[in-house]
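Asker: 3D model of this:
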Amino acid sequence: MTRKEPALRLQQIVKTFPGVRALDGVDFEVLPGEVHALLGENGAGKSTLMKVLAGMYQPNEGQIYIAGEEVTMTTPLDAKNQGVVLIHQELSLVPEMTAAENIYLGELPRKSFGRVDWKTLHARCDEILSRLKCRFSSDTVVAGLSIANQQMVEIARALTVDARVVIFDEPTASLTDAEKVVLFDIINDLKAQGVGIVYISHRMDEIFTLSDRITVLRDGSYRGTLVTAETDEDEVTRLMIGRSLDLSRNIKTPELGDVVLEVRGLSCAPSFSDVSFALRAGEVVGFYGLVGAGRTELAETLFGLRRPDGGTILIDGAEVATTSPQDAIARGISLVPENRKEQGLVLTMNCRDNMTLPQVGDLTAGPFVSSGAEIAIFDQYRDRLAIKTPSWRQLVGYLSGGNQQKIVIGKWLSMQPRVLIVDEPTRGIDVGSKAEIHNLLRELAAQGYAVIVISSEMPEVLHVSDRIIAMYHGKITREFSAAEVSEDALVQAISGLGNGTAA
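Answerer: Residues are numbered from 1 along each chain as shown. As a prediction, this is how the structure comes out:
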């Protein structure tokens, strides 16, 4: 059988920045009607390579071929005119505009005298949004949409172009399970139409579900291409990080201390009601459930971001009121939030200032903040958490996702908490950094911390937890020990099925 001409081929791409060789002679191709996954740790060069392809960066060396012809793309518009569309991981929408205006931004249909043809615009966009099974209309202002729906608007942009290649960069990071199914159907439709798909994700289940081939980058260099049906997760991981990972369940029996946190009948309408559980020193308790189960809202209530309607919170057996984060911090409760970039970090500040932000008022020397004290704290937790950064002066926005997450964790560990709540600890993090975060959580428990992990990933909950609490529609439905839990029982518990013992 004659091999198809690649829809896209990159040959010996080199891209350098001051002091950094981000791409070192990388080869990559995608065939028409193929889903080609691009994998690598944070900082491996994936995003840089895609920005070269999308015309955002120009390579220092190498060639780009579209349908066999060498092309030069100096702007994103050049790439779009060549049929190359990049769906960004970071949303690039105009919040004050409607979904329709964002979808056709810069290409609004026109009538005579340059007037916008609003009727045609909304008809086209409503058709696309219907195809994506979106429950909002094209005249909805983007600022009023959830992050998941904003991501769907971003995806809708790709469907307005007669594309040869569509690049999906972490497209499911903020989507619900139902929205993921719709997205996968769209990808398969594009594939059937002969469009080449580049798919970037840290989620191995998605990679093995969707892709035909997998290319791996490490440290800016090409490491190999594998046929998805002929490989497994372990081989891919070894190519990515140079070693295998321990992905087994946690079945160890921890050495537990006294009850640190106890919750009795806690309610916060309409998110959750009558929640009761206890957490001991040295224990990791995982909370697992579908979107809307109330897990994040429970964490925010414990941290003082929400006011409960009823119930009690006890620390070391004494009832406490956490009506603000300051109260929670004073009681020894810390929260690593779900969205680290918007809720956990100030991206335009350096690593040191982010690390010491909650306690900056306690680090004064006269009327000034003690720079030496701040640096000492940063150095301590940089070494303890193995944070990779050139120095404390590095702006945190330039760190990889894994190192950003370590900065957030280090910020709260420096406050010496009794209870550490971690919401979606490895969202958007590569497998190597994910393993480091998992090991860190287990080590913190071994040191006597009481840890709550909230995660939407079943393997993660099974791997790190000593106990797992399942939630459904704002209520706890089951509680499992790590040794007794089964995947089937856990799925039933978070789906409101089964009649197992209530927690």
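Asker: Sketch out the strands for the stretch 1-150 of the chain, chain order is fine.
Answerer: For the stretch 1-150 of the chain, applying DSSP state E, counting those that start in this stretch gives strands covering 8-17, 20-30, 35-39, 61-66, 69-71, 84-87.
Asker: do the same with the stretch 251-400 of the chain
Answerer: Under DSSP E, counting those that start in this stretch, the stretch 251-400 of the chain gives strands at 259-268, 272-280, 284-289, 310-315, 318-320, 333-336, 364-365, 368-369.
Asker: what does the stretch 401-503 of the chain give?
Answerer: With DSSP E, counting those that start in this stretch as the criterion, the stretch 401-503 of the chain has strands spanning 419-423, 450-455, 467-472, 475-481.
Asker: relative to strand 450-455, how tilted is the third one?
Answerer: Taking axes from the mean of the first three to the mean of the last three C-alpha atoms, to 10 degrees, one finds that strand 467-472 is oriented at 40 degrees with respect to strand 450-455.
Asker: Quick check: buried residues in strand 467-472?
Answerer: By neighbour count on 16 or more other C-beta atoms under 10 Å, the buried set for strand 467-472 is Arg467, Ile468, Ile469, Ala470, Met471, Tyr472. Just so you know, the C-beta spots here come from the backbone N, C-alpha and C atoms, and that holds for glycine as well.
Asker: how about the residues you listed in TSV, adding distance to Glu206 and pLDDT?
Answerer: Shown next, in TSV, are the buried residues of strand 467-472 (distance: C-beta to C-beta, whole Å; pLDDT from 0 to 100):
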residue	distance to Glu206	pLDDT
Arg467	28	94
Ile468	23	95
Ile469	26	96
Ala470	23	94
Met471	24	94
Tyr472	24	91
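Asker: okay if I get the strands of the stretch 1-150 of the chain as JSON lines plus mean pLDDT and mean neighbour count?
Answerer: Shown next, in JSON lines, are the strands of the stretch 1-150 of the chain (pLDDT from 0 to 100; neighbours: other C-beta atoms under 10 Å):
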{"stretch": "strand 8-17", "mean pLDDT": "92", "mean neighbour count": "18"}
{"stretch": "strand 20-30", "mean pLDDT": "90", "mean neighbour count": "19"}
{"stretch": "strand 35-39", "mean pLDDT": "94", "mean neighbour count": "26"}
{"stretch": "strand 61-66", "mean pLDDT": "93", "mean neighbour count": "16"}
{"stretch": "strand 69-71", "mean pLDDT": "91", "mean neighbour count": "12"}
{"stretch": "strand 84-87", "mean pLDDT": "86", "mean neighbour count": "23"}
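Asker: so which of those strands gets nearest Phe208?
Answerer: Evaluated over those, closeness to Phe208 peaks at strand 35-39, with 8.9 Å, by C-beta to C-beta.
Asker: Who are the packing partners of the closest one?
Answerer: strand 20-30, helix 46-53, strand 196-200, helix 204-210, strand 213-218 (3 or more C-beta pairs under 8 Å, 6 or more residues apart in numbering; DSSP states H and E).
Asker: Out of the ones you listed, which gets nearest to Thr176?
Answerer: Using C-beta to C-beta, those put helix 204-210 closest to Thr176, at 14.1 Å.
Asker: buried residues in the closest one?
Answerer: Result for helix 204-210 [16+ other C-beta under 10 Å]: buried residues Met204, Glu206, Ile207, Phe208, Leu210.
Asker: again with stretch 391-406
Answerer: Here stretch 391-406 shows Trp392, Gln394, Val396, Leu399, Ser400, Gly401, Gly402, Asn403, Gln404, Gln405, Lys406 as buried, counting by 16+ other C-beta under 10 Å.
Asker: Widest-spaced pair of the residues you listed?
Answerer: Longest span within the buried residues of stretch 391-406, C-beta to C-beta: Trp392 and Gly401, 19.2 Å.
Asker: Low-confidence ranges, the protein, go.
Answerer: Residues of the chain that meet the criterion pLDDT under 70 lie in 1-3, 19, 42, 89-91, 243-253, 497-503.
Asker: Which parts of it belong to which domain?
Answerer: 8-241, 259-332+417-494 (automatic domain parsing).
Asker: Is it possible to get TSV of those domains that adds distance to Met355?
Answerer: Below are the domains of the chain laid out as TSV (distance: least, C-beta to C-beta, whole Å):
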stretch	distance to Met355
domain 8-241	19
domain 259-332+417-494	15
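Asker: right, so the ones you listed: which one is the most enclosed?
Answerer: Highest mean neighbour count among the domains of the chain (mean count of other C-beta atoms under 10 Å): domain 259-332+417-494, with a mean of 20.
Asker: just how off-centre is it within its chain?
Answerer: How far domain 259-332+417-494 lies from its chain's middle: 19 Å, per C-alpha atoms, centre = their mean, to the nearest Å.
Asker: just stretch 320-336 next, same as before
Answerer: Here the centre of stretch 320-336 is set off from its chain's centre by 25 Å, with C-alpha atoms, centre = their mean.
Asker: Equivalent analysis for stretch 181-198, please.
Answerer: 22 Å.
Asker: which residues are contacting it?
Answerer: Under the contact criterion C-beta atoms under 8 Å, 6 or more residues apart in numbering, stretch 181-198 has outside partners 6-8, 30-38, 50, 53, 131-133, 155, 159, 163-168, 171-172, 175, 199, 209-210.
Asker: Restricting to C-alpha, output that stretch in CSV.
Answerer: Written as CSV, here are the backbone C-alpha positions of stretch 181-198 (Å, rounded to 0.1, in the frame of the first residue of the first chain):
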residue,chain,number,x,y,z
VAL,A,181,-17.4,12.4,24.9
VAL,A,182,-18.6,15.2,22.6
LEU,A,183,-15.1,16.3,21.9
PHE,A,184,-13.9,12.8,21.1
ASP,A,185,-16.8,12.5,18.6
ILE,A,186,-15.7,15.7,17.0
ILE,A,187,-12.1,14.5,16.7
ASN,A,188,-13.2,11.3,15.1
ASP,A,189,-15.4,13.2,12.7
LEU,A,190,-12.5,15.4,11.7
LYS,A,191,-10.4,12.3,11.3
ALA,A,192,-13.0,10.7,9.0
GLN,A,193,-12.9,13.8,6.9
GLY,A,194,-9.1,13.4,6.4
VAL,A,195,-8.0,16.1,8.8
GLY,A,196,-4.7,15.4,10.6
ILE,A,197,-5.0,15.8,14.4
VAL,A,198,-2.2,16.6,16.7
